[in-house]
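> have a look; sequence and predicted model below, questions after that.
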Amino acid sequence: RKAIMDAGRVCRYQFEFATLESFSKAVLQRSCGILIFSGHTLPSGHLLLETETGEALTFDPQCLLTQEAEASRLHGPLGLALRLVVLCSCHSSVLAQRFIDAGVKHVIAVELTETVLDLTGRVFVQSLCHSLLVGNTIQNAFKHAQWLVRHNDVMSTKGFSEAASVEATKFVLLPSGSGDNVVLFPSQPSGQAIDCTLPPPPVQLPRTRLDLTVIRQAELFRVLRAISRNRLVQIGGPPGAGKRTLACVVANYLWQRHWFPDGIHYAQVADWRWIVALEASLWRLFQNKGSNNQGESQAKQLHLEEFVGQRLVVPGSCLLILDGCHGLYQKCGRAFKVWLRTLLAESPGLHVVITTRHVMNDLNTLDGVHKSGQDYGFNTVEIGELVEAEAMSMVRWRCHG
């Protein structure tokens, strides 16, 4: 995004996570002139795309390109609108040939036998986009991007200075010799680029620096699957196990992918002792968009008597994280369970994730709470202390950061 904005040229761009739907749309829609894929490609030419629960989906784009060719045969030579495809992923040259066979004039890919660093891919794509937008030919922009990979300061500071020269040679422009005199943006007017990416929904989360690609991957996917199938999910584990961090990283993942278009909200409830105090805090969180509660001393500021007898209803499709529910559950017991079920019943688009030190196994056994007997779905994900290998990975990641 920064490279596009720094070019100072009028254009339209959009960022999407690589799902089957978004990739197919980018290939087939007539308004997409340049497609940049940054991800994973298998030596067979299959892409690894995301499923809705964050898992890998193996996909052969040949099916998509064959479908386009068949449509052109039946309805006339429509052809792909793509003028350039950049496959910034390992082993992608075999896939590049499939795009060329489908009619794409120029494809940049990585050699079939090579893997490429994520950092290399970012530096290469940023340089390529900037160079193309300011009016360079495809060939010159390609060479410029290779040169910047070799001499970029970021590569040196991250410890990849010796590998930079080798990394730069892994990219190829296909067909061989193409793009010498082709300028994709010959007279692009100066101005601000237009970001067509769907704006993110509102979010209120505490910041976390932990990268869960290092640890807790299995738990991350378990929580994602649980949220996709249930409206009430419980994350349980001992103090210091990382329940809050896991919940917030999952929420951030869902926020980036627009799972809950009306917002994701976080409330620290460990210090609350009464249901009415919790509900008053959530009233402010959802209606006034203020910061969430920081302690029971704030209860007086909320004028709790104003909320007695009122029921909280959360409109739209939202995710609510209630962090540290063990104290409230131990003190209020059944009242807390009834409140949760009532909240879910009266807010049909709401999903709730709670964290607790003590797993509450009876949250889904409230007979008679709702006459309809509706099942809102309940799932528990328990986490324990890190195993030694994961703990060492986190230490190395922290030291490197």
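Arrived safely. Numbers count the residues shown, from 1 in each chain.

> so what's the residue count around the residue nearest to His91 when sequence neighbours are not counted?
Distance criterion Cβ to Cβ, 6 or more residues apart in numbering; nearest residue to His91, sequence neighbours excluded, is Pro43 at 4.6 Å. Backbone N, C-alpha and C define where each C-beta goes, glycine included. As a burial measure, Pro43 scores 11 neighbours (other Cβ atoms under 10 Å).

> can you pull the contacts of Pro43?
Applying Cβ atoms under 8 Å, 6 or more residues apart in numbering to Pro43 gives the contacts His91, Val94, Leu112.

> quick one: secondary structure of Leu87?
Under DSSP: H, G, I helix; E, B strand; the rest coil, the three-state class of Leu87 is strand.

> these two touch, right, it and Phe37?
Yes. Counting by Cβ atoms under 8 Å, Phe37 is a contact partner of Leu87 at 5.3 Å.

> so which of those two has more stuff around it?
Each of Leu87 and Phe37 has its neighbours counted (other Cβ under 10 Å); Leu87 has more, 26 against 22.

> ok, that one to His40 distance?
11 Å (Cβ to Cβ, to the nearest Å).

> give me the three-state assignment for the residue nearest to His91.
For Pro43, the assignment made with three-state DSSP gives coil.

> same check, this time on the one 10 residues further on
Following three-state DSSP, Thr53 is assigned to coil.

> contacts only, for it.
Contacts of Thr53 by Cβ under 8 Å, 6+ apart are Phe221, Leu224, Arg225, Ser228.

> ok, now Met360?
Gln234, Gly236, Cys325, Tyr329, Lys337.

> in this protein, which helix or strand is least confident?
Comparing every helix and strand of the chain by mean pLDDT, DSSP states H and E singles out helix 61-75 as the least confident one, with a mean of 65.

> one step back: so which of the contacts of Met360 sit within helices?
Secondary structure assignment by DSSP state H places Tyr329, Lys337 of the contacts of Met360 in helices.

> what is the one helix or strand Leu344 maps to packed up against?
Using DSSP states H and E, Leu344 sits within helix 334-346. Here helix 334-346 touches helix 275-283, helix 326-332, strand 350-356, going by 3 or more Cβ pairs under 8 Å, 6 or more residues apart in numbering; DSSP states H and E.

> and these, which one is worst for confidence?
The minimum mean pLDDT among those belongs to helix 275-283 (a mean of 82).

> now do it: which elements does it pack against?
Judged by 3+ Cβ pairs under 8 Å, 6+ apart, the packing partners of helix 275-283 are strand 264-268, helix 326-332, helix 334-346.

> now the angle from the longest one to helix 275-283?
Pointing back at helix 334-346 there. 30 degrees (axes from the mean of the first three to the mean of the last three Cα atoms, to 10 degrees).

> in helix 334-346, what's buried?
The neighbour-count criterion (16 or more other Cβ atoms under 10 Å) identifies Phe336, Lys337, Trp339, Leu340, Arg341, Thr342, Leu343, Leu344, Ala345 as the buried residues of helix 334-346.

> and which of these is nearest Phe142?
Nearest to Phe142 out of the buried residues of helix 334-346 is Leu344 (Cβ to Cβ; 54.1 Å).
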